[in-house]
Structure formats: structure tokens, C-alpha cells
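>>> need the 3D shape of this:
(chains A and B)
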Amino acid sequence: DVVLTQTPPTLSATIGQSVSISCRSSQSLLHSNGNTYLHWLLQRPGQSPQLLIYLVSRLESGVPNRFSGSGSGTDFTLKISGVEAEDLGVYYCVQGTHAPYTFGAGTKLELK
Amino acid sequence: EVLLQQSGAELVRPGSSVKISCKASGYTFTDYYMHWVKQRPEQGLVWIGRINPANGNTVYAEKFKSKATLTADKSSNTAYMQLSSLTSEDTATYFCTSLGYWGQGVMVTVSS
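Sure thing, here's the model as predicted:
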């Protein structure tokens, strides 16, 4: 199975600070069809996860544009340009290129 | 508005089975795979498997092949997951998701 390694496991930030989360894959996530099925989710405390970014860099409808995704192959990054209070929670990367789907262990974003 | 409405919390005995539901609305049910995800208390997300509601084809993560059975009823736009031979390790919240949309989760507690 593909292993997704997220770093850091915990991130402390102040409001307005820009932060990045890394997601590294044990194998390339480039599918033979040319798509890279690497997505980012946010799970706020007590809530279901929500999709933020899909296919590496595409912003899900309704998600603020302070969120951005980048990367290719095995290395991917989620950036938040100016953290807001509502951004606190656990961020997960998830891959769907190789069965079974697998999730990263999560990065908890908390207020400093 | 897209909604994935899951059934209510379950308290079940060890060794028994449970079937939870996920009713989809606001989109064409057969257009998207339905995935199921497990989350144990204070832990990360684990992919169980997915079903293609259009034809019933399923893919399971290896560790859930003898644990979970996924089905879908096109006439009622509802996906189901049955979990069998329940143990304390199955105590968790279970989500249905198209990845872009998530149900509210079902808490299954296995206890005598």
C-alpha cells in the first residue's frame, strides 16, 4: 500500500501567519491517465472531514483562496496564506491513484 | 444541495453484525463512487473500500475484506455497509463519502 508521510504532525500558528504542510508518498502518485489523485482534507473538531484541494492544486468550490496546493510525483504541499481561526483542526492528505486509497496520519493545526 | 445522510448511532454486542446506511440526495447517485472511511476515537482516517453505485462493483482494503460488505440501492439512492463479527477494535465512527461530500458519521460502539 502507498504510505503517505505528513509533516509536521503538529503545527502551532498565530492568526495571519502563513504555514505549510508536507505530504510525501512512498511511490509516485501520477496515474497512467495523466492525473495525480492527491487531495487535501480538513477535519475541524467534532466535524466530518471536508475537501479543500483535489488533484494536487484544484481548489474545491467554496474554499477560501488562502488555501493552495502544489507538488508532483511523490512530494506535495498544502499552504495556508494567512491562518484564520476557522482553519484550526487536523489536515489530511489522501491518495486515490493506487488501490487501496490511503490517508496521511494528519497534521494538527493549533493556535500558538 | 448535496447531502449524505447516515443512519444513527449503534450499540452492538461483540460477535454480532451491524448495517449502516447512507442516503444520498442532491446529485445523481450513480455518477460517483461511494467510499467508506473508519475513524477510531482520537485517531486518523482509514479507508475501508468503495462501491460504484451504477453497477455494484466494489473494491476493499485488504484488512476489511472479511469485515465489511458494501452494497448500494439505486432505487432509493442509498449506500450500505455491513460490518460482521464485531469486536472492540470495530468501535469507531464510520463515514460515507464521495470525497467531495461527507456524511455526518455513524458512531458504532461494540460492547457487552
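
>>> in contact with residue 1, which residues?
Just so you know, I chose chain A. A:His98, A:Pro100, A:Thr102, B:Ala61, B:Glu62 (Cβ atoms under 8 Å, 6 or more residues apart in numbering or on different chains). No exception for glycine: its C-beta is placed from N, CA and C like everyone else's.

>>> chain B was what I was after
B:Ser25, B:Gly26.

>>> which SSE is it in?
Using DSSP states H and E, B:Glu1 falls within no helix or strand.

>>> per-residue confidence, it, what does it come out as?
Here the pLDDT value assigned to B:Glu1 is 93.

>>> for B:Ala72, see how far away it is.
21 Å (Cβ to Cβ, to the nearest Å).

>>> A:Gly73 now?
34 Å.

>>> of the two, who's got more company?
For A:Gly73 versus B:Ala72, the count of surrounding residues by other Cβ atoms under 10 Å in any protein chain shown is larger for B:Ala72: 23 against 13.

>>> name the nearest residue to that one, ignoring sequence neighbours.
B:Pro53 (4.1 Å; Cβ to Cβ, 6 or more residues apart in numbering or on different chains).

>>> can you lay out the contacts of A:Asp1 as TSV showing secondary structure?
Shown next, in TSV, are the contacts of A:Asp1 (DSSP: H, G, I helix; E, B strand; the rest coil):
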residue	secondary structure
A:His98	coil
A:Pro100	coil
A:Thr102	strand
B:Ala61	coil
B:Glu62	helix
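
>>> now the buried members of the residues you listed.
A:His98, A:Pro100, A:Thr102, B:Ala61 (16 or more other Cβ atoms under 10 Å in any protein chain shown).

>>> get me the contact residues on chain A for chain B.
Residues of chain A found near chain B (Cβ under 8 Å from any Cβ of the partner chain) are A:1, A:39, A:41, A:43, A:48-51, A:54, A:60, A:90, A:92, A:94, A:96, A:99-106.

>>> would you list every one of the strands in chain A?
A:4-7, A:10-13, A:19-25, A:38-43, A:50-54, A:58-59, A:67-72, A:75-80, A:89-95, A:102-103, A:107-111 (DSSP state E).

>>> actually, chain B.
B:3-6, B:10-12, B:18-25, B:34-39, B:45-51, B:58-60, B:68-73, B:78-83, B:92-97, B:106-110.

>>> wait, what's in contact with B:Ser25?
With Cβ under 8 Å, 6+ apart, B:Ser25 has these contacts: B:Glu1, B:Val2, B:Leu3, B:Gln5, B:Asn77.

>>> residues in contact with the residue nearest to the last one when sequence neighbours are not counted?
Right, the one you point to is B:Asn77. Excluding the flanking residues, the one nearest B:Asn77 by Cβ to Cβ, 6+ apart is B:Phe29, at 4.1 Å. The contact partners of B:Phe29, taken as Cβ under 8 Å, 6+ apart, are B:Pro53, B:Ala72, B:Lys74, B:Asn77.

>>> how about JSON lines for these, with pLDDT added?
Shown next, in JSON lines, are the contacts of B:Phe29 (pLDDT from 0 to 100):
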{"residue": "B:Pro53", "pLDDT": "97"}
{"residue": "B:Ala72", "pLDDT": "98"}
{"residue": "B:Lys74", "pLDDT": "97"}
{"residue": "B:Asn77", "pLDDT": "97"}
